[in-house]
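Participant: Here's my sequence, what's the structure:
(2 chains)
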Amino acid sequence: MAWTWFHRLGSPPYVYRLAQRLTPWFAWSAGIILIGATFDALVLAPPDYQQGEGYRMLFIHAPSAWMSTMVYTTMAIAAAVGLIWRIKVAHAVAASCATLGATFTAATLATGMLWGKPMWGAYWVWDPRLTFELVLLFLYLGYIGLRASFDDVQRADRASAVLAIVGVIDVPLIHYSVVWWNSLHQPASVMKLGTPSIAPVMLIPLLAMFLGCTLYFAALLLTRLRGEILRRERAATWIREVLAS
Amino acid sequence: MSALATAVLSPAAVSSPLDAARLVVARDLKLAFRNREQIVQPLAFFAIVITLFPLATTAELSRLREIAPGALWVAAFLAALLALEFLFRDDSQDGTLEQYALSGQSLTWLILAKTATHWLLTGVPLALVSPLAAGALGVPWEATPGILAGIALGSFALSLVGAIGAALTLGVKRGGVLLSVLVLPLAVPVLIFGARATQLAIAGQSYVAALELLAAMAVLGVTLAPLAAAAAVRISLE
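Facilitator: Numbers count the residues shown, from 1 in each chain, chains lettered A, B, ... in the order given. Now for the predicted structure:
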């Protein structure tokens, strides 16, 4: 009995309805938190003693960077679950993650470049962390490209799952790149063991942005997942019931 | 030919995995020497790309020497990538891979054997030619051992990573460009440390640390890449 809730997650109609129910909760909480956090970050938080107002790029840059690797990890775990236990819904989750993750990665790179120009004096430096983040973008694009090149959904699912799992090696490379190499990029100030090396007035809006972005991702993922399930199950009869209601 | 492979490789006929691997290596070597395009084409491509660098930048040897590590590695990388097409394509088309999968031997092991053979046929010749190419770019002869070892090790790691990409794109029509998009991001560390080793070798400094990192990546590749490639081959056969 205890595991029935888990088994139901493998059923497309159940997951479709669950996603439909949960999406507004995630979307509204994300919206409220993001608006509050943005106000806190851009207006209430004091300017940095060294970087002045420019540091406020942090509040978009760091959450997108966190999302770019978190989404990849989610995608790889979903792909592994789908590959090992042959769960169709898990593959649909992985497929829905790819475009979102690529967008967050592109946002990370773009905000990082805009931040780098005033602070480092250049939009782009060939620094390990920047390079591996760019590699992550290529991995997402490769995943999307591989998926698109198969006509058969099941083969696309399984082949791209192998690629997603292999590509996971890039995630620790991004995370530890600032530790392993001499880097222009600053080391972690929040995502580390011990006390965060950032003042509470800046930390609170930053953590709120993290939370807001994660909820925003959840809302988008569930929406995309519904589209993905609809596309895959278009021949099934339950679709007609869902769309009629 | 391919229908025989099941019987020839079956555990009843070949009891030790080592013998099975030896059969696969011998077969691939024989095929490659009968039809030499697999060996010659990547080398010709490598030579042409190297030729492009002096034409596109400068004929001055002192300045060419500075870009030599990058030029050598980019050219070797692209040549190795081009050669990946040969790794599984023919065997997938004539059904040999399917017979390997059905033979009862470990597919992972057979793919490791195939990949190692592929490196012998493409990576090793590239490494042997690279000092010549380096010489053409104004690199002193003293750097030869470092360049040779670096490209040999790096191309081995690249063959292993590339095997995953080649296996994943097996069912794809015209998968050449896609193959590059899949493999290059995963192979970036190989390029970084390989070019570093070559750079140090040309500067006359100790390049052992960079070579050790390349070797570590090759070990990682030997242990993990054939597993992923075998999984991908099985998916392509479904």
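
Participant: Quick one: list the elements packing against the helix or strand containing A:R129.
Facilitator: Assigned by DSSP states H and E, A:R129 belongs to helix A:128-148. Applying 3 or more C-beta pairs under 8 Å, 6 or more residues apart in numbering or on different chains; DSSP states H and E, we find helix A:128-148 packed against helix A:58-85, helix A:88-120, helix A:153-167, helix A:170-180, helix B:176-203. Glycine gets a C-beta too; all of them are placed from N, C-alpha and C.

Participant: Using a markdown table, lay out the ones you listed together with mean neighbour count, distance to B:F156 and mean pLDDT.
Facilitator: What follows is these, written out as a markdown table (neighbours: other C-beta atoms under 10 Å in any protein chain shown; distance: least, C-beta to C-beta, whole Å; pLDDT from 0 to 100):
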| stretch | mean neighbour count | distance to B:F156 | mean pLDDT |
| --- | --- | --- | --- |
| helix A:58-85 | 21 | 26 | 93 |
| helix A:88-120 | 21 | 30 | 93 |
| helix A:153-167 | 23 | 18 | 93 |
| helix A:170-180 | 16 | 20 | 81 |
| helix B:176-203 | 21 | 9 | 89 |
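
Participant: A:I239 reaches A:R226, doesn't it?
Facilitator: No - applying C-beta atoms under 8 Å, one finds A:I239 not in contact with A:R226, separated by 11.0 Å.

Participant: For the two, indicate the residue with more neighbours.
Facilitator: A:R226 (20 against 16; other C-beta atoms under 10 Å in any protein chain shown).

Participant: avg pLDDT for the one helix or strand that one maps to?
Facilitator: Assigned by DSSP H and E, A:R226 belongs to helix A:200-232. Mean per-residue pLDDT for helix A:200-232: 92.

Participant: list the helices and strands it packs on?
Facilitator: Packing partners of helix A:200-232 (3+ C-beta pairs under 8 Å, 6+ apart): helix A:12-39, helix A:58-85, helix A:88-120.

Participant: Recalculate using a threshold of 10 Å.
Facilitator: Using 3 or more C-beta pairs under 10 Å, 6 or more residues apart in numbering or on different chains; DSSP states H and E, the elements in contact with helix A:200-232 are helix A:12-39, helix A:58-85, helix A:88-120, helix A:153-167, helix A:237-244.

Participant: Among the ones you listed, which comes closest to chain B?
Facilitator: Checking those against chain B by C-beta to the nearest C-beta gives helix A:153-167 as the closest, at 4.4 Å.

Participant: What are the buried residues along stretch A:227-236?
Facilitator: Of the residues in stretch A:227-236, those buried under the neighbour-count criterion (16 or more other C-beta atoms under 10 Å in any protein chain shown) are A:228-230, A:232-233.

Participant: From those, pick the one nearest chain B.
Facilitator: The closest of the buried residues of stretch A:227-236, once distances to chain B are taken by C-beta to the nearest C-beta, is A:R232, at 17.3 Å.

Participant: for the record, mean pLDDT for the lengthiest helix in chain B?
Facilitator: Secondary structure of chain B per DSSP state H: the longest helix is helix B:208-237. Mean pLDDT, helix B:208-237: 92.

Participant: buried residues in that helix?
Facilitator: Within helix B:208-237, the residues that qualify as buried are B:210-211, B:213-215, B:217-218, B:221, B:225-237, counting by 16+ other C-beta under 10 Å.

Participant: just those that are near chain A?
Facilitator: B:225, B:227-232, B:234-236 (C-beta under 10 Å from any C-beta of the partner chain).

Participant: Compute the inter-axis angle for the helix holding A:R226 and helix A:12-39.
Facilitator: For helix A:200-232 against helix A:12-39, the angle by axes from the mean of the first three to the mean of the last three C-alpha atoms, to 10 degrees is 150 degrees.

Participant: Identify the residues contacting B:A133.
Facilitator: B:A133 sits next to B:46-47, B:49-51, B:53, B:68, B:71-72, B:75-76, B:126, B:139, B:147, B:151 when contact means C-beta atoms under 10 Å, 6 or more residues apart in numbering or on different chains.
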